[in-house]
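Enquirer: Need a 3D model of the sequence below.
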Amino acid sequence: MTGFGVAALSKNGIAARVEVRSVNHRYLQVKARLSSDLGHLEPGLEAAVRERLDRGSVSISVAVDREGGARRSRIDAQAARAYRKSISALAKQLGLREEVRLETLIGLPGVLATGEDDREKTREGDLVLECAHKAVDALVKMRGVEGKSLLADLRKNAKRIFGLVATIEKRMPVVVREHHESLRRRVEELLDGRVAVRPEDLARELALLADRMDVSEELARISSHLDQWESLLGKGGAIGRQLDFLVQELLREANTIGSKCNDAPVAHAVVELKTLIERLREQVQNVE
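Expert: Sure, this is the predicted structure:
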């Protein structure tokens, strides 16, 4: 989910530039870096991002240049008179000398105001939001290009997991037979021919052993999860959180297989299996 998009537009003496950056995040998080006079645009900028993205930590930065430099300024005489009246009343109440200088009044909030009207402010906001939509489009396009190579890699690793599942399935009957032979030898060594071992007793122990080592359900669930994986990749869209869930389930089944089966070749396959699943987990963080 990493990406970058930028757009710049100029209209009616106003130039706007918007940059949008995204990095991996489990959910969608939008942060806008705006000057105080552009703070009212934050909801619109966040909406522009949420229209196109579902995951990622997204930061937006906005720069606006106005023709002629800073905005024209004007003094709000009515606000200055109101301040003057309040200060006089307070000075009289406290028994203090009234000394109010002009520069003090001008520095008070709302006395020195910009000369823009509502229409100018609206034009500026519309331009910034138009620029933001274009920047988000550029970011989405960049992520789409990277997504094609990511899709191929996700499928390749899933295919390798399928191969490991087949390897473990093929190995399991051999594992059971080897453990059966090992159990029979150990019993014979312990009894040392003093007591005969009935075949039915040995068969019962073998059945218990086979049941404890049975990983067929876990392998079937991994195959089912991988089928869902391919189905989601084929569907496209915002599937990142669903893939996240499947990765967790794949890792759960792999851990269960490793704990059930005490066999070196299977253990090696499980290690490789978990390595591939961890790789999928990392890759999924880049999926919308």
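
Enquirer: next helix or strand past the helix or strand of the chain with the lowest mean pLDDT?
Expert: In the chain, the helix or strand scored least confidently by mean pLDDT, DSSP states H and E is strand 112-114, which has a mean of 63. Downstream of strand 112-114, the first helix or strand assigned by DSSP states H and E is helix 118-191.

Enquirer: Report the distance from that following helix to the chain centre.
Expert: Put simply, helix 118-191 sits 14 Å off its chain's centre (CA atoms, centre = their mean, to the nearest Å).

Enquirer: Show the contacting residues for Ala166.
Expert: With contacts defined as CB atoms under 8 Å, 6 or more residues apart in numbering, Ala166 has no neighbours. Where you see a C-beta, it was placed from the backbone N, CA and C, and this is true even at glycine.

Enquirer: ditto for Leu129
Expert: Applying CB under 8 Å, 6+ apart to Leu129 gives the contacts Leu41, Gly44, Leu45, Ala48.

Enquirer: Show the buried residues in the residues you listed.
Expert: Buried subset of those (neighbour count, 16 or more other CB atoms under 10 Å): Leu41, Leu45, Ala48.

Enquirer: Confirm the second one sits in a strand?
Expert: This means Leu45. No: secondary structure of Leu45 (DSSP: H, G, I helix; E, B strand; the rest coil): helix, not part of a strand.

Enquirer: isn't it right up against Val58?
Expert: No: applying CB atoms under 8 Å, one finds Leu45 not in contact with Val58, separated by 9.8 Å.

Enquirer: Quick check: neighbours shared by the two?
Expert: Residues within reach of Leu45 and of Val58 at once, by CB under 8 Å, 6+ apart, are Val30.

Enquirer: In TSV: the buried ones among the contacts of Leu129, plus distance to Glu130 and pLDDT.
Expert: Listed next are the buried ones among the contacts of Leu129 as TSV, based on distance: CB to CB, whole Å; pLDDT from 0 to 100:
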residue	distance to Glu130	pLDDT
Leu41	12	91
Leu45	11	94
Ala48	9	93
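
Enquirer: With distance to Val100 as extra columns, can I get those in JSON lines?
Expert: Below are the buried ones among the contacts of Leu129 laid out as JSON lines (distance: CB to CB, whole Å):
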{"residue": "Leu41", "distance to Val100": "36"}
{"residue": "Leu45", "distance to Val100": "41"}
{"residue": "Ala48", "distance to Val100": "46"}
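
Enquirer: from those, which single one is nearest Ala91?
Expert: Set against Ala91, the nearest of these by CB to CB is Leu41 (41.0 Å).

Enquirer: From Lys11, how far off is that closest one?
Expert: The spacing between Leu41 and Lys11, counted by CB to CB, to the nearest Å, is 16 Å.

Enquirer: got it, and Leu90?
Expert: Using CB to CB, Leu90 is found at 47 Å from Lys11.

Enquirer: what do you get for Glu19?
Expert: Distance from Glu19 to Lys11, by CB to CB: 19 Å.

Enquirer: of the buried ones among the contacts of Leu129, closest to Val176?
Expert: Checking the buried ones among the contacts of Leu129 against Val176 with CB to CB, the nearest one is Ala48 at 60.0 Å.

Enquirer: who touches the helix or strand encompassing the closest one?
Expert: Ala48 belongs to helix 42-50 when elements are defined using DSSP H and E. Applying CB under 8 Å, 6+ apart, the external contacts of helix 42-50 come out as 18, 20, 28, 30, 32, 34, 58, 60, 62, 125, 128-129, 132-133, 136.

Enquirer: where's it relative to the chain centroid, distance-wise?
Expert: In this view, helix 42-50 has its centroid 18 Å away from the chain centroid, taken as CA atoms, centre = their mean.

Enquirer: same deal with stretch 236-255?
Expert: Counting by CA atoms, centre = their mean, stretch 236-255 is centred 14 Å from the centre of its parent chain.

Enquirer: May I ask which two of the contacts of helix 42-50 are separated the most?
Expert: Spatially, the most separated pair among those is Leu28 and Gly125, at 22.9 Å (CB to CB).

Enquirer: Please point out which parts of stretch 223-236 sit buried.
Expert: For stretch 223-236, burial by neighbour count (16+ other CB under 10 Å) applies to Ser223, His225, Leu226, Trp229, Leu232, Leu233.
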